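> Sequence and predicted structure, then a few things I'm wondering about:
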Amino acid sequence: MLQVSKIMPQGAGLAPVLLKRAATVELDWDIRQKSRFEATDSLGRQLGIFLPRGTLVRGGDVLVAEDGSMIRVIAAPQTVLRVTVCTAHGSPFDLTRAAYHLGNRHVPIELKPDHLKIEPDHVLAEMLRSMHLIVNEVSESFEPEGGAYSAGGHSHEHSHAHAPAAAPAPHVHGPDCNHGHDHGHDHAHEAPPVAIQIHPHKPHSH
């Protein structure tokens, strides 16, 4: 069995020609959300996948085997519920409401601009239909949201890390002027004497 312990999200950095030559492996969502599993690739090789715990394998990711060979992951079609808007009785906002209620139930959900996808569930299907949504069972790939804990959230963490560096300037000057102004600090220092002279004569000048 060929062991795999490395993953390259979406084959980042690999030349297209290498991706085309790579073997493939089709995996459904039940398997791709696991970090330990076995599979057979398009070359008939038995793979033993041992990834860091918590890793979500997505369609388009590339697995790197111990011998250096690469295996491109294909999200296999599976039975899912495709949820769309009923144009006769509802509105596009119904999808937002549905995503909210499904999220409260911690249901894995794939978000698209014009539809949602969830795994088959008769109770949820009836709930969605009662919200003026159309629910159809189809066979398609399933790529649900990973949540804030997934790799997709790291970019936000980096952006937040830079924010404090720019914040000190307004916070330092704010308490001095007591007006909460973040811009035009040079003018703020000149304003107090002018305001003292004007306020007794023109109380509504501001």
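Yep, it's here. Numbers count the residues shown, from 1 in each chain.

> For the protein, which residues score under the pLDDT cut-off?
147-206 (pLDDT under 70).

> can you rerun that using 50?
Low-confidence segments of the chain (pLDDT under 50): 148-206.

> And the strands in it?
Using DSSP state E, the strands of the chain run over residues 2-8, 23-27, 36-40, 46-50, 62-65, 70-75, 78-85, 109-111, 116-118, 133-140.

> Can you point out the buried residues in stretch 4-22?
Residues of stretch 4-22 classed as buried by neighbour count (16 or more other C-beta atoms under 10 Å): 4, 7-8, 11, 19, 22. Every residue, glycine included, has its C-beta placed from N, CA and C.

> what two of the residues you listed are the furthest from one another?
V4 and L19 (16.4 Å; C-beta to C-beta).

> just to revisit the earlier point, please tabulate the strands of the chain in TSV, including the columns distance to D94.
Listed next are those as TSV, based on distance: least, C-beta to C-beta, whole Å:
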stretch	distance to D94
strand 2-8	37
strand 23-27	32
strand 36-40	37
strand 46-50	39
strand 62-65	38
strand 70-75	27
strand 78-85	6
strand 109-111	14
strand 116-118	10
strand 133-140	6
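
> okay, those, which one's buried deepest?
Of all the strands of the chain, strand 116-118 has the most neighbours on average by mean count of other C-beta atoms under 10 Å, namely a mean of 22.

> so which of the strands of the chain comes closest to M127?
It is, among the strands of the chain and with distance given as C-beta to C-beta, strand 133-140, at 9.2 Å.

> Okay, now the sheet partners of the closest one, with direction.
Here strand 133-140 has these sheet partners by DSSP bridges: strand 78-85 (antiparallel).

> follow-up on the earlier one: and the buried residues of stretch 4-22, which is closest to L102?
Looking across the buried residues of stretch 4-22 and measuring by C-beta to C-beta, the closest to L102 is I7, at 27.8 Å.

> any idea which of the buried residues of stretch 4-22 is closest to S130?
Nearest member of the buried residues of stretch 4-22 to S130, counting by C-beta to C-beta, is I7, at 40.5 Å.

> beta partners for the closest one?
Beta-bridge pairing for I7 (DSSP bridges): L63.

> quick one: it and R58 touch, right?
No: using C-beta atoms under 8 Å as the test, I7 is too far from R58 to be in contact (9.3 Å).

> on that earlier part again, could you export the buried residues of stretch 4-22 as JSON lines, including distance to L133?
Shown next, in JSON lines, are the buried residues of stretch 4-22 (distance: C-beta to C-beta, whole Å):
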{"residue": "V4", "distance to L133": "40"}
{"residue": "I7", "distance to L133": "35"}
{"residue": "M8", "distance to L133": "37"}
{"residue": "G11", "distance to L133": "35"}
{"residue": "L19", "distance to L133": "37"}
{"residue": "A22", "distance to L133": "39"}
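
> and S141, how many neighbours does it have?
Neighbours of S141 under the rule other C-beta atoms under 10 Å: 16.

> got a list of what the closest residue in space to it that isn't next to it in sequence touches?
Among residues not flanking S141 along the chain, A75 sits closest, at 3.7 Å (C-beta to C-beta, 6 or more residues apart in numbering). Counting by C-beta atoms under 8 Å, 6 or more residues apart in numbering, A75 makes contact with 26-29, 32, 58-60, 141-143.
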